[in-house]
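Enquirer: Structure here, sequence nowhere to be found:
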């Protein structure tokens, strides 16, 4: 059984990725979530409706011991399973001006995006190296590439993952493992529902917000065998804001 793990797979871009992979790939889809079980189950239903197979798997990506424990138990219960692809999508925002930012708002955002990338990828990387195959796709952000005022914590976390993507790609390329990042701009999801779309559209050359499905199409390509000569890349998907 060959699998793909999507962290933060229950909602928004993560859910769209799971649903797209159910159509485009033959992978058994591991839908990670932390707190919203109902949303994860809904995503699993959509995966099955799209002709795929999957299961939900609960853990907090920011907690190294929990990640290790849950994934070890899962691996022991599924000894034949091989996780060939990881989509590190889990992330949170706690926006605010840096001068008023609490240590908690800084560390929780960094822990989820950056340490989450480490905790999950580190668990599987040796297995991928042994198998001489892997696809790692990190969902970063326009904020991590350009920097966004009011999001110094989020920009720092995603910018760090951008740099880690480029470095890890060079370490594992000889073993047929690619590591790429996708940097969405304004995508219509729960996370952006509080934003002033009318105002922000003025910044976007294509004159609209993106859809989660459009990000999922790109991720699906990067997870596939078709992308085998692309690694260490940060692909912007933002309607031309930052080009």
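Expert: That came in fine, so what should we check first? Keep in mind the model is a prediction, meaning the values are calculated, not measured. Numbers count the residues shown, from 1 in each chain.
Enquirer: helices and strands of the chain: which one bottoms out on pLDDT?
Expert: The helix or strand of the chain with the lowest confidence, counting by mean pLDDT, DSSP states H and E, is helix 197-200 at a mean of 83.
Enquirer: how far does that one sit from the chain's center?
Expert: Counting by CA atoms, centre = their mean, to the nearest Å, helix 197-200 is centred 25 Å from the centre of its parent chain.
Enquirer: now what about the helix or strand following it, what contacts it?
Expert: Once helix 197-200 ends, the next helix or strand along the chain (criterion: DSSP states H and E) is strand 210-211. For strand 210-211, the surrounding residues in contact (CB atoms under 8 Å, 6 or more residues apart in numbering) are 16, 184-188, 237-239. C-beta coordinates here come from the backbone N, C-alpha and C atoms, glycine included.
Enquirer: Residue 116 versus the residue most central in space within the chain, what's the distance?
Expert: Ranked by distance to the mean C-alpha position of the chain (CA atoms, centre = their mean), the top residue is residue 89 at 1.8 Å. The gap separating residue 89 from residue 116 is 9 Å, by CB to CB, to the nearest Å.
Enquirer: and for these two, which residues touch both?
Expert: Contact with both residue 89 and residue 116 is made by residues residue 7, according to CB under 8 Å, 6+ apart.
Enquirer: Show me what the longest helix along the chain is packed up against.
Expert: Of all segments of type helix in the chain, defined using DSSP state H, the longest is helix 152-172. Applying 3 or more CB pairs under 8 Å, 6 or more residues apart in numbering; DSSP states H and E, we find helix 152-172 packed against helix 103-110, helix 116-131, strand 134-139, helix 142-146, strand 177-184, strand 234-237.
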